[in-house]
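Participant: Structure, please.
(one chain, ligands or ions: 1)
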Amino acid sequence: MTAHESGPERAADAPAYRRIFDLTGRDAVVVGAASGIGAVAAAALAAFGASVVCADVDERGLAATVARITGQGGTARSAVADVRSPEDMRRLAGECERTRILLVTPATNVRKRLGDVTDDEFDRIVDLNLRGMFLAVREFGTRMAARSGGSIITVSSIRSQVVEPGQGVYAATKAAVVQLTRAAAAEWGTHGVRANVLVPGIVDTPLAAQIRADPRWRRAYADKSALRRWGRPEELAGAVVYLASEASGFVTGSSVVVDGGWLASTAATNRRCSRCPMPSPRPRCGPTGGWPGISPGFRARTSGRRPRCGRRGRPAGRSTARSSVSSAARTSSCPPGAVPSASGSPAPGAAPREGSSCTATPAAS
Ligand SMILES: NC(=O)c1ccc[n+]([C@@H]2O[C@H](COP(=O)([O-])OP(=O)(O)OC[C@H]3O[C@@H](n4cnc5c(N)ncnc54)[C@H](O)[C@@H]3O)[C@@H](O)[C@H]2O)c1
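Facilitator: Model (predicted):
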């Protein structure tokens, strides 16, 4: 008997509660298991008893993930598969007919302003981030529905909700993943299939390595979250196990945000005065008030001016190091001369991969 079947009369059954995260006997497939969040999630699912098929295009990475899991006593095997290939996804889903847990992570980003994105770049991002996700969800979801049960976990990003210049196409695909997941939840719910989406903040993985390599961007991105730091991939594991298990038996169509408070503090700063830690723009704080991060033009017009703060506000430049206003203000300047970086090494001072597109105007979100 699972915890959610036990009913209120068994609410005091402590052993049942302890089992709600147990995945013993469950077959899981993790697409994107060779690296980052997928690799850690595969290990976590195995640690809770799941038998994990680790799928990816990176054979060496897969071997390392599988070795790590089996070395710790878990059950795992690798499967080379390209999430962009309908044939690969059909074959994988067919081979893994008993899959009860699906996690799909692969994504890419090209950081350019919309006007600079080429047709090929657009297609490449959408092909992996959205079409690939769709193919995996379709192939596994239909089979889970036919077998009356399963948990689908997709991966979006805080970029589904907040965006900065140069993140447009990536952000659009990540927003689409949220709706795709809700659609899966709506269509297969009556067949016992749950579908939920993980929404990470900035996480220390190879996808974000270029950002971390630049101390200014590393700090700037840390300062964007309420916890003032980057996440570790291991910190996504709890949410994945939760969504995979009976612990989330009544949760479907949901977005589970694991972002160290990035979205929360963004919302807070957007409502604050631009120059002082007051909760809302004050009429006398700066020429127009408001948060300069929402308007590069505003910042350009006001840079160098010393704003007048409201009666209870602090003057600009006064140390508010721990306030989200000051930290966000500090993070909102791109290194001088920064230019967009399509891929590969960032141009001097340019924003690296996941998360940032440095442009001539300040761009950090
Ligand atoms: N790292 C972050 O800061 C961050 C922030 C927000 C959202 N995310 C999201 O988390 C997810 C995982 O990101 P990550 O940081 O773990 O990235 P990562 O680059 O470390 O891992 C991605 C994995 O996907 C695999 N992959 C790439 N193309 C593939 C394909 N065609 N078929 C199969 N596998 C393929 C790669 O080989 C790699 O193992 C992504 O969807 C990303 O958008 C990451």
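Participant: And the strands in the stretch 151-300 of the chain?
Facilitator: Remark: strands assigned in the stretch 151-300 of the chain by DSSP state E, counting those that start in this stretch are 193-200, 255-258.
Participant: Now the first one: average pLDDT?
Facilitator: For strand 193-200, the mean per-residue pLDDT is 98.
Participant: which stretches of the chain aren't confidently modelled?
Facilitator: 1-12, 266-365 (pLDDT under 70).
Participant: Now residue 257: closest residue in space, sequence neighbours ignored.
Facilitator: Spatial nearest neighbour of residue 257, excluding adjacent residues (C-beta to C-beta, 6 or more residues apart in numbering): residue 199 at 4.4 Å. C-beta: built from backbone N, CA, C; applies to glycine.
Participant: Surely that neighbour is in contact with residue 254?
Facilitator: No - here residue 199 does not reach residue 254: they are 9.8 Å apart, not a contact under C-beta atoms under 8 Å.
Participant: quick one, which of the two is more surrounded?
Facilitator: residue 199 (25 against 19; other C-beta atoms under 10 Å).
Participant: dump the residue contacts of the more buried one.
Facilitator: 156, 157, 158, 160, 161, 178, 255, 256, 257, 258, 259 (C-beta atoms under 8 Å, 6 or more residues apart in numbering).
Participant: count of neighbours near the third one?
Facilitator: Close neighbours of residue 158, defined as other C-beta under 10 Å, add up to 24.
Participant: you'd agree it is up against residue 262?
Facilitator: Yes - with contact defined as C-beta under 8 Å, residue 158 reaches residue 262; the gap is 5.3 Å.
Participant: which neighbours do the two share?
Facilitator: 201, 202.
Participant: Smallest distance to the ligand belongs to which residue of this structure?
Facilitator: Closest contact between the chain and the ligand, by C-beta to the nearest ligand atom, is at residue 36 (2.2 Å).
Participant: how about the residues of this structure that lie near the ligand?
Facilitator: With C-beta under 6 Å from any ligand atom as the criterion, the chain meets the ligand at residues 31-32, 34-38, 56-58, 61, 82-84, 105-107, 128, 132, 155, 157, 200, 202-203, 205-208, 354.
Participant: Can you tell me which of the residues you listed end up in helices?
Facilitator: 36, 37, 38, 61 (DSSP state H).
Participant: Please report how far the second one lies from residue 217.
Facilitator: Right, residue 37. 20 Å (C-beta to C-beta, to the nearest Å).
Participant: cool, and the third one?
Facilitator: With distances taken as C-beta to C-beta, residue 38 is found 24 Å from residue 217.
Participant: Kindly report the same for the first one.
Facilitator: The span separating residue 36 from residue 217 equals 18 Å under the rule C-beta to C-beta.
Participant: Please say which of these two ends up with more neighbours.
Facilitator: Neighbours were tallied for residue 36 and for residue 217 using other C-beta under 10 Å; the higher tally belongs to residue 217 (27 against 24).
Participant: Neighbours of the closest residue to the more buried one other than its chain neighbours, how many?
Facilitator: Nearest residue to residue 217 in three dimensions, chain neighbours excluded: residue 211, at 4.8 Å (C-beta to C-beta, 6+ apart). Neighbourhood size, residue 211 [other C-beta under 10 Å]: 23.
Participant: again, but for the one 4 residues further on
Facilitator: Burial of residue 215, expressed as a neighbour count using other C-beta under 10 Å, amounts to 8.
Participant: Test my guess that residue 195 contacts residue 252.
Facilitator: Yes - the pair residue 195 / residue 252 is scored as a contact, 6.0 Å apart, by C-beta under 8 Å.
Participant: Next one: residue 154 from residue 195, what distance?
Facilitator: According to C-beta to C-beta, residue 154 and residue 195 sit 7 Å apart.
Participant: shared neighbours of these two, anything?
Facilitator: Both residue 154 and residue 195 are contacted by 137, 181, under the criterion C-beta under 8 Å, 6+ apart.
Participant: Which of the contacts of residue 199 are buried? Put it as a PyMOL command.
Facilitator: Command for PyMOL that selects the buried part of those, burial taken from 16 or more other C-beta atoms under 10 Å:
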select buried, resi 156+157+158+160+161+178+255+256+257+258+259
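Participant: Put together TSV for the contacts of residue 199, with distance to residue 189 on each row.
Facilitator: Formatted as TSV, the contacts of residue 199 follow (distance: C-beta to C-beta, whole Å):
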residue	distance to residue 189
156	19
157	25
158	26
160	21
161	24
178	16
255	16
256	17
257	22
258	23
259	26
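Participant: Closest to residue 14 out of the contacts of residue 199?
Facilitator: residue 256 (25.4 Å; C-beta to C-beta).
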